[in-house]
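Enquirer: How does the following fold in three dimensions:
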Amino acid sequence: MEEKVDRRVRRSRAQLGQALRDLILQKPYETITIQNITDEADLNRATFYLHYTSKEELLMASLEEQFGALLEQMEVEKNGRPLWENPATIRIIFEYAAQNEALFKVLLGPQGQGYVMYRILNYIAQVDEEELDAAFGQNALPVPNVILARYFAGALFALVSWWLEQDMPHSPTYMAETVQQLCAVGVVPVLAGMEESWPVTQG
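Expert: Purely as a prediction, here's the structure:
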């Protein structure tokens, strides 16, 4: 019986999440109401409030569930190497953004909600900080891990946003290798024209 209830809960949450994502593609996020969501999901308002207190909570729960699946893919690809050393892992992020292009263009674009963008950025930074803690310990580096994590997450977030806004002018592989190299060698060699330190080819 408990398994049947759990299955029903998962199904209701999935319906609500999908309904909100569909609505975001149809109208501005700030105009979407709980009633809109429940109508789209073909559920009643009471069912919504059994699971969530607001549309923001629903959106982040839905995105975090998707990010969980994304992190599982990244973990497989990582093969023991931290994110900043592995362009194949970073490529998965760009591929995921491309697969969900319409939704993320809305969420990350000029009309996106600051709350949502802040939560996504926090999510990326938290993953990065955990990677740094695991690789180096919490106080072993000359710069606090939290600052490094924020720096990397902010750069990645900004590049994914720009890439989608520009209709993906470069391949996910090129973007991933560029991000990885910028993390590895920084921008100074690029500005100095040190091509030997920049192995990424245009893509």
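
Enquirer: quick one: contacts for the nearest residue to Gln180 once chain neighbours are set aside?
Expert: In this structure, Gln180 finds its nearest non-sequential neighbour in Pro87, 4.1 Å apart by Cβ to Cβ, 6 or more residues apart in numbering. (Glycine included, C-beta is placed from N, CA and C.) By Cβ atoms under 8 Å, 6 or more residues apart in numbering, the contact list for Pro87 reads 173, 176-177, 179-180.

Enquirer: Please flag which of those residues sit within helices.
Expert: Those of those mapping onto helices are 173, 176-177, 179-180, per DSSP state H.

Enquirer: what about the one residue sitting closest to the centre of the chain, which helix or strand?
Expert: Nearest to the centroid of the C-alpha atoms of the chain, with distances taken as Cα atoms, centre = their mean, sits Ile120, at 5.8 Å. Applying DSSP states H and E as the criterion places Ile120 in helix 114-136.

Enquirer: CA atoms of that helix as CSV?
Expert: This file holds the C-alpha atoms of helix 114-136, laid out as CSV (Å, rounded to 0.1, in the frame of the first residue of the first chain):
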residue,chain,number,x,y,z
GLY,A,114,16.5,36.4,-10.2
TYR,A,115,15.4,33.9,-7.5
VAL,A,116,15.7,31.0,-10.0
MET,A,117,19.0,32.1,-11.3
TYR,A,118,20.4,32.6,-7.8
ARG,A,119,19.3,29.1,-6.8
ILE,A,120,20.8,27.5,-9.9
LEU,A,121,24.1,29.3,-9.4
ASN,A,122,24.1,28.3,-5.7
TYR,A,123,23.5,24.7,-6.8
ILE,A,124,26.5,24.7,-9.2
ALA,A,125,28.8,26.4,-6.6
GLN,A,126,27.9,23.9,-3.9
VAL,A,127,28.8,20.9,-6.2
ASP,A,128,32.1,22.7,-7.1
GLU,A,129,32.9,23.3,-3.4
GLU,A,130,32.3,19.7,-2.5
GLU,A,131,34.6,18.7,-5.3
LEU,A,132,37.3,21.0,-4.0
ASP,A,133,36.9,19.8,-0.4
ALA,A,134,37.2,16.2,-1.6
ALA,A,135,40.3,16.9,-3.7
PHE,A,136,42.3,19.2,-1.4
